[in-house]
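Please find the sequence and the predicted model below.
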Amino acid sequence: MSEHVVSTKLYYAIWIALLVLTGVTAGVAFIDLGPFNTIVALTIATLKAVLVLLFFMHLKYTSEKMTSVVVISALFWLLILLALSLADYTTRPLGVN
C-alpha cells in the first residue's frame with residue numbers, strides 16, 4: 001500500500017476554507033431566509049463535511065471500492081434512521097408536540 005503525502009499548503013487551504021464556511025454559517029444565521037434557512041445551513045454543513053472527509057480523512061486517496069462500500073453503508077443507515085423517525089412521527093396523535 002502506498003502512502004499519499006499531502007502538502008501542508010493544502011491542509012492550510014482546507015482549514016481556511018472551513019473557517020470561511022463557518023463564518024458564512026454564522027453570518028447567514030442572522031439573515032431571515034424564510035424556509036431556506038435550514039437548506040442553506042445544511043448545504044454549508046455538507047460542504048464542510050465533504051472537505052473534512054476528502055482531505056483530513058484521506059478519502060480522496062483511498063480505493064474506489066472502499067469508498068463505495070462506506071457510502072452505501074452510510075446511506076443504508078440514514079434510510080433506517082429516517083424510516084424509524086417517520087414511523088414515530090406518523091403514529092403520534094394530532095395536537096401533541
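Sure, I can see it. Residues are numbered from 1 along each chain as shown.

Which residue lies nearest the spatial centre of this protein?
Taking Cα atoms, centre = their mean as the criterion, Thr46 is the residue nearest the geometric centre of the chain, at 3.3 Å.

What are the buried residues along the host helix or strand of Ser68?
For Ser68, the host element (DSSP states H and E) is helix 64-90. Judged by neighbour count (16 or more other Cβ atoms under 10 Å), helix 64-90 contains no buried residues. Using the backbone N, CA and C atoms, a C-beta is placed for each residue, glycine as well.

Could you tell me how far that helix lies from the centre of the chain?
Mean-position distance between helix 64-90 and its chain equals 14 Å (Cα atoms, centre = their mean, to the nearest Å).

thinking again about what came up before, Ser85 versus the residue nearest to the centre of the chain, what's the distance?
Thr46 sits 19 Å away from Ser85, taking Cβ to Cβ, to the nearest Å as the criterion.

same check, this time on Ala41
Taking Cβ to Cβ, one finds Ala41 at 19 Å from Ser85.

same question, Leu75
Computed with Cβ to Cβ, the distance linking Leu75 and Ser85 is 15 Å.

Give me the domain ranges for this protein.
1-62, 63-97 (automatic domain parsing).

tell me the most buried of the ones you listed?
Comparing those by mean neighbour count (mean count of other Cβ atoms under 10 Å), domain 1-62 ranks first with a mean of 11.

close enough to count as contact, Tyr61 and His4?
Yes - between Tyr61 and His4 a contact is recorded at 4.2 Å, counting by Cβ atoms under 8 Å.

Show me the shaky parts of the protein.
Low-confidence segments of the chain (pLDDT under 70): 1-2, 96-97.

Quick check: Ala45 touching Thr25?
Yes - Ala45 lies in contact with Thr25 (Cβ under 8 Å); the separation is 7.4 Å.
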